[in-house]
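> Need coordinates for the following:
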Amino acid sequence: MQTTPLSPQIRPTLEPISPIKFFSLLLLLALHSTVQAANCLYVSSYHHGYEWNDGIERGIEEGLAGKCTLDKYFMDTKRNNNEEFIRESGLAAKAYIEKSHPDIVIACDDNASKYLVKPYYRDARLPIVFCGINWTVDEYGYPYNNVTGMIEVAPILPLLKAIQTILGKPSHGVYLSADNETERKDFERYRNTYNAEGVNLTGMFVKTMNEWKNAFVKSQSNPFVILNNNSGIKDWNIAEATQFVRQNSRALTVTNYDWMIPYSMIAMTKLPEEQGKWAAQVALAILAGEAPKSIPIVANRRWNIYVNPKLMDSSTYKLPAFLKQKAVPKE
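Residues are numbered from 1 along each chain as shown. Got it, this is the predicted structure:
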């Protein structure tokens, strides 16, 4: 195994430190103290316990550990998704910021940007790092002078490549998901991308477990089904859904979410921790003096590949070689 050589040992010296070097050291210590004493606020659009955002939160905690005092505020707009509640939640988050006076805010997911950052903090003094925004930030007008962040992009073209390798050239499929703004936004991106590849995608959006089960059965007459997200279906039952899918799966089922793997044959999933760690690193850079507008907006770059042996082995489908080599079994 190749190793990097260690630096030569540094020996003490009795030579006097120049004034420039002395003040440089003082500046570095001051910047370090500033970051150490900083108050960072994580504002989540959703609630604690929503699996994707919990992963982002873990990444933020790891990235800021020992470097910033981390406070958290949850807008809870996934379980409560009517317009009036979301607007009031944005106002409540603003009031919390004004009360707690954070040095920087990490704003996660679309609603925090739409109902908090855009209306109240555009080009404000408070620096903000966003993450978890799906596909595009055009509707928010980012970047602002005080805002930068990471866009969340699902590997939908690699997923389509896997679908086409298994099925040949399917002309159509179904996108089944909970009924909320984020999932409909996701659907538009999937539909436009798949249409460009000659595949027509039909959206099915549901609010209850029974609606999901009925839609799942109807979807099985299609070559493939994208099971996008069940978050927002309040009466969801994992055991019931798992058993139901095992009894009723006919079409090829795929997903981009970890927690949908029990109901899907193949999954290509983003890594929420990537978003959180990046946001934390950028927050620390800003606290150390970097201007938010000088840090470019980027997209996530990593994902995992899984196969559900229980569902795949009971189907008539065969994994292509590139998936056999890379996919991790997971039920």
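> When you work out contacts or count neighbours from here on, use the C-alpha atoms and nothing else.
Noted.
> who touches whichever strand or helix holds Gln275?
Using DSSP states H and E, Gln275 falls within helix 272-287. By Cα atoms under 8 Å, 6 or more residues apart in numbering, the residues outside helix 272-287 that reach it are 34-35, 38, 52-53, 55-64, 67, 103-104, 106, 127-132, 149-150, 152, 292, 300, 302.
> Filter those residues down to just the ones in helices.
Secondary structure from DSSP state H places 34-35, 52-53, 55-64 of the contacts of helix 272-287 in helices.
> quick one, phi/psi of Glu181?
Here is the backbone geometry of Glu181 (degrees, to the nearest 10): phi -60, psi -40.
> Make residue 1 into 41 and carry on from there
Shifting the count to begin at 41 puts that one at Glu221.
> Enumerate every residue touching it.
Glu221 makes contact with no residue under the criterion Cα under 8 Å, 6+ apart.
> How much space separates it from Tyr82?
Per Cα to Cα, to the nearest Å, Glu221 is found 22 Å from Tyr82.
> Asp111: how many residues sit nearby?
Asp111: 13 surrounding residues under other Cα atoms under 10 Å.
> That one in helix, strand or coil?
When classified by DSSP: H, G, I helix; E, B strand; the rest coil, Asp111 comes out as strand.
> Next one, pLDDT for it please.
Per-residue confidence at Asp111 stands at 96 (pLDDT).
> what's across from the spatially closest residue to it that is not a sequence neighbour in the sheet?
In this structure, Asp111 finds its nearest non-sequential neighbour in Leu81, 4.7 Å apart by Cα to Cα, 6 or more residues apart in numbering. Beta-bridge partners recorded for Leu81 (DSSP bridges): Asp111, Val145.
> correct me, but Leu81 touches Ile146?
Yes. In terms of Cα atoms under 8 Å, Leu81 counts as a neighbour of Ile146; the distance is 6.2 Å.
> Tell me where the protein has strands.
Assigned by DSSP state E, the strands in the chain fall at 79-84, 109-114, 144-148, 168-174, 187-192, 212-218, 240-246, 264-269, 292-295, 306-310, 338-339, 343-347, 368-369.
> can you state the direction angle for the second one and strand 144-148?
If you take axes from the mean of the first three to the mean of the last three Cα atoms, to 10 degrees, strand 109-114 sits at 40 degrees to strand 144-148.
> and strand 109-114, how far out from the chain's middle?
18 Å (Cα atoms, centre = their mean, to the nearest Å).
> again, but for the fifth one
Counting by Cα atoms, centre = their mean, strand 187-192 is centred 11 Å from the centre of its parent chain.
> and if you look at stretch 163-182?
Remark: stretch 163-182 is offset 14 Å from the chain centroid, using Cα atoms, centre = their mean.
> Ends of that stretch, what's the gap?
Where stretch 163-182 begins and where it ends lie 10 Å apart, using Cα to Cα.
> what residue lies at the spatial centre of this protein?
For the chain, the residue sitting closest to the mean C-alpha position, by Cα atoms, centre = their mean, is Gly172 at 4.1 Å.
> So that one is in contact with Asn151, correct?
No. Counting by Cα under 8 Å, Asn151 is not a contact partner of Gly172; they are 10.1 Å apart.
> Pull the number of nearby residues for the closest residue in space to Asn262 that isn't next to it in sequence.
Excluding its sequence neighbours, the residue lying closest to Asn262 (Cα to Cα, 6+ apart) is Gly213, at 5.6 Å. Gly213: 23 surrounding residues under other Cα under 10 Å.
> beta partners for Gly213?
Here Gly213, judged by DSSP bridges, has bridge partners Leu241.
> List the residues that contact it.
Contact analysis of Gly213 by Cα under 8 Å, 6+ apart lists 239-242, 262-266.
> ok, now with 6 Å
241, 262-265 (Cα atoms under 6 Å, 6 or more residues apart in numbering).
> what sits against Asp116?
Contacts of Asp116 (Cα under 6 Å, 6+ apart): 86-87.
> measure it to Leu311 for me?
Taking Cα to Cα, one finds Asp116 at 22 Å from Leu311.
> Ok, Thr282 next?
23 Å.
> Next: Gly130.
In terms of Cα to Cα, Gly130 sits 27 Å off from Leu311.
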